[in-house]
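J.: I'd like to go over a predicted model; first the sequence, then the structure.
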Amino acid sequence: MIQISKILHDVPIFRMLGKDSIDFIVERLKFKTYDANHTICKIGDPGDTMYIIISGSVDIIIEDKSGNEQVVASSGSGDYFGEMALLTGEPRSATVRTKEPSEMFLLVQKDFDVILEKFPSISLSMSKVVSKRLRETLSRATELPSKGIKDAGPTGSLEETPLIDLINFCESNSLTGTLTITNDGNNGVFTYQKGEVVSIKMGDKSDDAALDELLKWDKGNFEIKSKPLTLDSKKEAQSKDTKKVLIVNNSLVVRKLIERAFRSLGYDVATAENVEKSKSAIGQSVPDIVITDVKLSDGLGLDLCKTIREDNNIPFIFLADDSVKSEFNNELKSLGKAELTKTHEVSEIVKLVENML
């Protein structure tokens, strides 16, 4: 659960929480899948759920006064939305629609209320201020001229919407794309990746110098363009040599997080929740490597390894922590082609797999 805990720590309202509090939240997450072009929530809907994207991507959409839709940002795996609605209870200020088949973790209002009761350190008052500012920024964006909206994004004048508000808007909505400022023939371009500034270009100025200059502009025009999220072409195409990974774990959260990491690297991934189902999965397609928890709901990962090794000498990686390592180290040595993780970090698991294959 380490990786989902890290994602939660990136959510502003959860940053002040400790490990026990985060683990308590993780246990209350629900898993759900969505087809492409599915509207998850609409402007005006009750704000009673927070979403964390496991895989896939979504568009964040607002409307101008004429009701024209504007895609103001795109979010992908590891991103989240709807957290402020849990705090304020206000209706949704944007529509969110899937761009492709997507998987998400959901935290609903009733579970969030339990969390607030158990861990009152989450500051409601501070978060309500953040929510209010975000809603004001979104409101300003909906008043922008609709000309060119279909092919671009929000456009307008710096006199109506100051640059600092535009920067806040792009960050709050996890923009992947550009914010372009023009004034008397001069251009400044902010490039964003998931709400973070990648670069600020203005002539031959450095990023810092360009920002200092642009912040002085109180006249001119702006245009926000969102860029679709795309997979690296090397990861998108699966070759004949694609390696197969089987992930066996009691926890759906853990399975999904590890699966997402390996699919993004081009692996063919299957999952199973226990020994019995993993045997069935191997019967259908023999993997190149198995990643399994040491203790499963219906047996031990070591016993699974021994059973599989009767027919296939498949490498195994066992997920464990310091509390159980001493019990299994000696037995692992006798197995051969088996490794025990030092942590539950996905990056470590990936490294072990690549080294073993």
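T.: Cool, the structure landed.
J.: for the stretch 101-250 of the chain, which spans come out with low pLDDT?
T.: 119-153, 172-174, 194, 227-240 (pLDDT under 70).
J.: how about the helices in the stretch 151-300 of the chain?
T.: Secondary structure of the stretch 151-300 of the chain (DSSP state H, counting those that start in this stretch): helices at 163-172, 207-214, 233-236, 252-264, 275-284.
J.: Now do the second one: which elements does it pack against?
T.: Using 3 or more C-beta pairs under 8 Å, 6 or more residues apart in numbering; DSSP states H and E, the elements in contact with helix 207-214 are strand 186-193, strand 196-201. No exception for glycine: its C-beta is placed from N, CA and C like everyone else's.
J.: Adding mean neighbour count and distance to residue 57, write those strands out as a markdown table.
T.: As requested, the helices and strands packed on helix 207-214 are exported to a markdown table (neighbours: other C-beta atoms under 10 Å; distance: least, C-beta to C-beta, whole Å):
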| stretch | mean neighbour count | distance to residue 57 |
| --- | --- | --- |
| strand 186-193 | 18 | 13 |
| strand 196-201 | 15 | 16 |
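J.: Please convert the helices of the stretch 151-300 of the chain to CSV, extending it with mean neighbour count and distance to residue 9.
T.: Formatted as CSV, the helices of the stretch 151-300 of the chain follow (neighbours: other C-beta under 10 Å; distance: least, C-beta to C-beta, whole Å):
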stretch, mean neighbour count, distance to residue 9
helix 163-172, 18, 18
helix 207-214, 16, 27
helix 233-236, 10, 26
helix 252-264, 20, 14
helix 275-284, 16, 31
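J.: Quick one: closest of the ones you listed to residue 340.
T.: Nearest of these to residue 340, taken as C-beta to C-beta: helix 252-264 at 15.7 Å.
J.: Only C-alpha atoms, please: export the closest one in PDB.
T.: Extracted C-alpha coordinates of helix 252-264, given in PDB (Å, rounded to 0.1, in the frame of the first residue of the first chain):
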ATOM      1  CA  LEU A 252      -6.900  -5.300  -4.600                       C
ATOM      2  CA  VAL A 253      -5.200  -2.000  -4.000                       C
ATOM      3  CA  VAL A 254      -1.700  -3.600  -4.100                       C
ATOM      4  CA  ARG A 255      -2.600  -5.700  -7.100                       C
ATOM      5  CA  LYS A 256      -3.800  -2.700  -9.100                       C
ATOM      6  CA  LEU A 257      -0.900  -0.400  -8.200                       C
ATOM      7  CA  ILE A 258       1.700  -3.000  -9.200                       C
ATOM      8  CA  GLU A 259      -0.300  -3.900 -12.300                       C
ATOM      9  CA  ARG A 260      -0.500  -0.300 -13.400                       C
ATOM     10  CA  ALA A 261       3.300   0.100 -13.100                       C
ATOM     11  CA  PHE A 262       4.100  -3.000 -15.200                       C
ATOM     12  CA  ARG A 263       1.400  -2.300 -17.800                       C
ATOM     13  CA  SER A 264       2.900   1.200 -18.300                       C
END
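J.: Could you shift the numbering so residue one becomes 663, and keep it that way?
T.: New numbering, starting at 663: the last item is helix 914-926.
J.: Name the residues that touch that helix?
T.: Helix 914-926 is contacted by residues 663, 665-666, 688, 691, 693, 716-717, 739, 765, 767, 893, 897, 907, 909, 911, 931, 933, 935, 953, 955, 981, 1006, 1008, 1011-1012, 1015 when judged by C-beta atoms under 8 Å, 6 or more residues apart in numbering.
J.: how about 7 Å then?
T.: Here helix 914-926 makes contact (C-beta atoms under 7 Å, 6 or more residues apart in numbering) with 663, 665-666, 688, 691, 693, 716-717, 739, 765, 897, 907, 909, 911, 931, 933, 953, 1008, 1011-1012.
J.: Please list only the buried members of these.
T.: 663, 665-666, 688, 691, 716-717, 739, 765, 907, 909, 911, 931, 933, 953, 1008, 1011-1012 (16 or more other C-beta atoms under 10 Å).
J.: hang on, the earlier thing: switch the helices of the stretch 813-962 of the chain over to CSV; also include distance to residue 819.
T.: Output for the helices of the stretch 813-962 of the chain, formatted as CSV (distance: least, C-beta to C-beta, whole Å):
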stretch, distance to residue 819
helix 825-834, 11
helix 869-876, 15
helix 895-898, 39
helix 914-926, 41
helix 937-946, 59
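J.: Of the ones you listed, which is nearest residue 967?
T.: helix 937-946 (10.2 Å).
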